[in-house]
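*Asks:* My questions concern the predicted model and sequence given below.
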Amino acid sequence: MRSLAWEGESLRLLDQTKLPTEITYLRCRDYREVADAIRILAVRGAPAIGVAAAYAVVLAYRECLLSSDVSAAFHHACQEISAARPTAVNLSWAVSEMEKVFDRYPAKEAGDALLAKARDIEAEDIHTCRSIGENGADLFQGRKGLRILTHCNTGALATAGIGTAFGVLSVLHERGAIECVYADETRPLLQGSRLTATELMEGHIPCCLISDTMSASVMRDKKIDAVIVGADRIAANGDTANKIGTYGLAVMAAYHHIPFYIAAPFSTFDFSIASGKEIVIEERYPDEVRKFAGVYSAPKDVPVYNPAFDVTPSSLIAGIITEKGVLKAPYEAAIARYKKELSKLKSNW
């Protein structure tokens, strides 16, 4: 199941709001359509958002060629795309990378280079996902019968490749190491039950769907070996923002002495912020909580607090699985080394 595909003049997006009951595609010919798709979660998952944003910039550039001031119109459009969702740093990272390419060329000659860069970002994500999967699976070298708990969706629907945390699960399954993957349903939008459960079944990976409130009991009763989740933004000290409910899992894992791992690529790190206290947490629409499957399951006017993400402190994280290996505490030093090594490689793109 591919989350997106560039088709020459448009970006085709799998509408993930309709899964699993409908497989519907959106064909975006305008960058605003892509931004809207990101905003409503038709495309979601930090890496996939970054790739979609890169192609949105290509669409924006083609429209801006009609403007009297191509450069001003282009950078304004990039700001619109970046504002679609505030927490997933891959979005602003991808747009920034595209702007760097634009700035290297005369305004009306940047088209080919922008498209090539978007394709590079997509190809890099595919390669990165595989590397994350292999590095994460190596943590369990030689082990069989693993019981892994995961949260939200981090597979092919959330990336351009096999996924981040889900990529680890996929490689472990290839190696015959998985007994069962326990997937949280991930309220209120059910990315775990709608998306992750679908991908686990599609991949014939042994699995069991649980409600979010069952996680502590499952950790105790099912002897979970590890919790592996993705990330939407990682601060320089290792504090990590991920789908709401992740912080609670980390606390429960610590109590049960279960290693808690984050799986994420370079583009998810925000080296400009020192800690998770600086991460802006997106608050979403109250009806996402008031309704279930489009039907009100709560009083229509009840006040709602609906943060899309929470922040897990680095002290609760056993390791951050990346395309270059597994980062361990002390995270400030490990992340600084990681940034230095990867920045050298990225500068050659």
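*Replies:* Looks like it came in fine. Note that the coordinates shown come from a computational prediction; the quantities given were computed from them, not determined experimentally.
*Asks:* Is residue 229 in contact with residue 153, as I believe?
*Replies:* No. The criterion here is Cβ atoms under 8 Å, and residue 229 misses it with residue 153 at 10.3 Å. (C-beta placed from N, C-alpha, C; glycine too.)
*Asks:* So between those two, which is more surrounded?
*Replies:* More neighbours surround residue 153 than the other of residue 229 and residue 153, with 32 against 27 (other Cβ atoms under 10 Å).
*Asks:* Return the residues in contact with the more buried one.
*Replies:* 44, 45, 166, 186, 191, 192, 195, 196, 199 (Cβ atoms under 8 Å, 6 or more residues apart in numbering).
*Asks:* Make TSV from those residues and add distance to residue 307, pLDDT and neighbour count to it.
*Replies:* Putting those into TSV (distance: Cβ to Cβ, whole Å; pLDDT from 0 to 100; neighbours: other Cβ atoms under 10 Å) gives the following:
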residue	distance to residue 307	pLDDT	neighbour count
44	16	93	26
45	18	91	31
166	23	98	35
186	14	98	23
191	15	96	26
192	17	97	25
195	20	95	28
196	20	97	30
199	25	96	25
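*Asks:* Could you list which of these belong to helices?
*Replies:* Applying DSSP state H to those, the entries found in helices are 166, 191, 199.
*Asks:* which residue ranges form the helices in this structure?
*Replies:* 31-39, 46-64, 70-82, 89-102, 111-138, 165-174, 191, 197-202, 215-221, 246-255, 287-290, 331-346.
*Asks:* Which of the ones you listed comes out lowest on mean pLDDT?
*Replies:* For the helices of the chain, mean pLDDT drops lowest on helix 331-346, to a mean of 88.
*Asks:* So which residues make contact with it?
*Replies:* By Cβ under 8 Å, 6+ apart, helix 331-346 touches 234, 236-238, 266, 269, 271, 314, 317, 320, 322, 324, 327-328.
*Asks:* Likewise for stretch 5-19?
*Replies:* By Cβ under 8 Å, 6+ apart, the list of residues contacting stretch 5-19 reads 1-4, 22-29, 34, 37, 40-44, 52, 55-56, 59, 118-119, 122, 157, 194-195, 198.
*Asks:* quick one on the thing from earlier: which of the ones in helices among the contacts of residue 153 lies closest to residue 225?
*Replies:* Distance to residue 225 across the ones in helices among the contacts of residue 153 (Cβ to Cβ) is lowest for residue 166, with 16.5 Å.
*Asks:* Please name the residues that touch that closest one.
*Replies:* 150, 153, 154, 155, 156, 158, 196, 199, 230.
*Asks:* Which pair in these has the greatest spatial separation?
*Replies:* 150 and 156 (14.3 Å).
*Asks:* So for the two, which residue has more residues nearby?
*Replies:* Comparing residue 150 with residue 156 by other Cβ under 10 Å, the one with more neighbours is residue 150, at 28 against 25.
*Asks:* Run through the bridge partners of the more buried one.
*Replies:* When assigned by DSSP bridges, residue 150 has beta-bridge partners residue 183.
*Asks:* heads up, I number from 569, so please use that
*Replies:* All set: I'll call the first residue 569, so the last point we hit is now residue 718.
*Asks:* was I right about it contacting residue 748?
*Replies:* No. With contact defined as Cβ under 8 Å, residue 718 does not count as touching residue 748 (11.2 Å).
*Asks:* before we move on, back to that, whichever of the contacts of stretch 573-587 end up buried, select them in ChimeraX.
*Replies:* In ChimeraX, a selection of the buried entries from these looks like this (16 or more other Cβ atoms under 10 Å):
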select :571,572,594,596,602,605,609,610,611,612,620,623,624,627,686,690,725,762,763,766
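*Asks:* hang on, the earlier thing: please narrow the contacts of residue 734 to those residing in strands.
*Replies:* Assigned to strands by DSSP state E, the following of those qualify: residue 718.
*Asks:* would you turn the contacts of residue 734 into JSON lines with distance to residue 852?
*Replies:* Below are the contacts of residue 734 laid out as JSON lines (distance: Cβ to Cβ, whole Å):
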{"residue": "718", "distance to residue 852": "22"}
{"residue": "721", "distance to residue 852": "16"}
{"residue": "722", "distance to residue 852": "19"}
{"residue": "723", "distance to residue 852": "22"}
{"residue": "724", "distance to residue 852": "24"}
{"residue": "726", "distance to residue 852": "17"}
{"residue": "764", "distance to residue 852": "19"}
{"residue": "767", "distance to residue 852": "23"}
{"residue": "798", "distance to residue 852": "18"}
